[in-house]
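**Q** A predicted structure for the sequence below; I have some questions about it.
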Amino acid sequence: MPTQTTAAAPPVRPTAPSTNATRRRVALASFVGTTVEYYDFYLYATASALVFAPTFFPSVTPAVGVIASFATYGVGFVARPLGGIVAGHLGDRIGRKKLLVASLVLMGIASTLIGVIPSAATIGLGAVVALVVLRLLQGIAAGAEWGGSALLSVEHAPERHRGLFGAFTQMGSAGGMLLATGVFTLVRTLLGNEAFLAWGWRLPFLFSAVIVAVGLVIRLGVQDAPVFQELRASGQVERYPVWQAIRRHPRAILVTAGLRLAQPALYSILTTYSLTYLLAKRGEEGSAAGLQAVLVVSAVSLVSTPFWGWLSDRVGRRVLAISSAVGIGVLVWPFFAFLDAGPLVLLPLVALVGMCVFHDSIYGPQAAWFAEQFPTGRRYSGMSLGYQIGSIFSVGLTPLLAAVFVEAGGGSPWILCAYVGVYAVLSIVAAVAAVDPVAAARRAERGAQRVGVARDSR
């Protein structure tokens, strides 16, 4: 039984259900807030691929500089479980909204300060230390963000539309990447490559202060869902929700972590590592083509992500996840062959298939599906733990491992492709083990229909 916060809980007052207007506002707040968070987080990813090696690691070879740059990128993902644990504990006790506001402020401060770090040529090792510390803060903020945003949208949603409403949180990833890549591309185009590498890359980070303020205005206008408000009013709030999630729901945590392997690994390759790979294989023309492709697929993902969330409400989450993982495991091999020699004009189309079909079909329904694995009182803690643990091994380590694997393969990506294939298999196993309420409801409906037909035929 949950540990109550009070010895005698007051009578529970029924909470009015969410109205359509409230749901729309929450969906907008989830999308905008997550977009702002991911804008800051993905700025670092793009800068890691294009800028940080010569700026912060100028004394090593280019290959080692790229590996070191992606290592600092991965530090943020190591910190994300800490953010998920802290936010999960507090979010399951005092509410989702308060943690979302705090995470947005922390992310904005860290990102803005990255824009003013002196280069290694100016302060030496201190520049790298400052970069790592601020990346850690970004990771903590990102770890706190996703679970709360996902729960706000899913818990306010009607039961039969959780996939669609949860997808608005997932759209924030595409929105943040589109905004981050767009701002980077604009600044690079306006200033030229030399000025961009010297100081222009700092401008997108400084711009974080502006868009965080916009996100705060929108996010402050929403409230926690009735289901959580009733839980708090009843006095049935867990004293140690993180521990209870680990103790009572280890399978659900492992399932959510497993579903966070193949999809984020593909995302890291498509949006981050491919920029470095194209720069090495095909020069500045290849890098520019890669940025343009990321812009295109991020824009289309704003439409494809809610589509897959909507479809999961009709056909179930599991069938989409398994199909997606199979596609990811197969796609990664011809994708790198295309990067080596394919016509760059077709790169957006190739990336579109990878991102908007295979990636988004598993990513779009994740907010709803992960929430469905846990009860309300341990939901923030459980889904945040699984999500962030999986993220360490997938999106956090993939750019670094990709650089190491390609170097170890003598410039060939075959080790990297095999690594993604292993993740695809593990994600399929997790999908089979996950609870799928939509599929279960569809089976129950078909069973009821067969019983009705049998009765009518008597």
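**A** Alright, I've got the coordinates.

**Q** by contact count, what packs against the helix or strand where residue 149 lies?
**A** Assignment of secondary structure by DSSP states H and E places residue 149 within helix 125-156. The contact analysis (3 or more Cβ pairs under 8 Å, 6 or more residues apart in numbering; DSSP states H and E) places helix 125-156 against helix 20-50, helix 52-56, helix 62-94, helix 96-114, helix 162-191, helix 226-233, helix 366-371, helix 379-391. Glycine gets a C-beta too; all of them are placed from N, C-alpha and C.

**Q** Residue 412: which of those is closest?
**A** The closest of the helices and strands packed on helix 125-156 to residue 412 is helix 62-94. By Cβ to Cβ, the value is 14.5 Å.

**Q** quick revisit: and the angle from the helix holding residue 149 to helix 162-191?
**A** 150 degrees (axes from the mean of the first three to the mean of the last three Cα atoms, to 10 degrees).

**Q** Can you point out the buried residues in helix 125-156?
**A** 127-128, 130-131, 134-156 (16 or more other Cβ atoms under 10 Å).

**Q** for stretch 370-390, same thing?
**A** Buried residues in stretch 370-390, defined by neighbour count with 16+ other Cβ under 10 Å: 370-374, 376-390.

**Q** Likewise for stretch 341-358?
**A** Result for stretch 341-358 [16+ other Cβ under 10 Å]: buried residues 344, 347, 348, 350, 351, 352, 354, 355, 356, 358.

**Q** Local confidence estimate at the nearest residue to the fifth one once chain neighbours are set aside?
**A** Think residue 351. Closest residue to residue 351 apart from its sequence neighbours, by Cβ to Cβ, 6 or more residues apart in numbering: residue 293 at 4.3 Å. On pLDDT, residue 293 comes in at 93.

**Q** Quick one: residues contacting residue 293.
**A** By Cβ atoms under 8 Å, 6 or more residues apart in numbering, residue 293 lies in contact with 347, 348, 350, 351.

**Q** re the thing from before, I'd like to know which of the helices and strands packed on helix 125-156 is closest to residue 205.
**A** Between the helices and strands packed on helix 125-156, helix 96-114 lies closest to residue 205; by Cβ to Cβ that is 4.8 Å.

**Q** wait, isn't residue 260 in contact with residue 394?
**A** Yes. Counting by Cβ atoms under 8 Å, residue 260 does reach residue 394; the two are 5.8 Å apart.

**Q** So which residue is dead centre in the protein?
**A** Computing the C-alpha centroid of the chain and ranking residues by Cα atoms, centre = their mean puts residue 173 first, at 5.9 Å.

**Q** Roughly how far does that residue sit from residue 35?
**A** 8 Å (Cβ to Cβ, to the nearest Å).

**Q** got it, and residue 145?
**A** As judged by Cβ to Cβ, residue 145 and residue 35 stand 11 Å apart.

**Q** Could you do residue 443 as well?
**A** Note on residue 443: its distance to residue 35, by Cβ to Cβ, is 36 Å.

**Q** Mind checking which of these two has more residues around it?
**A** Each of residue 443 and residue 35 has its neighbours counted (other Cβ atoms under 10 Å); residue 35 has more, 24 against 12.

**Q** Surely that one touches residue 170?
**A** No. Using Cβ under 8 Å, residue 35 is not in contact with residue 170, being 10.9 Å away.

**Q** Many thanks, have a good one.
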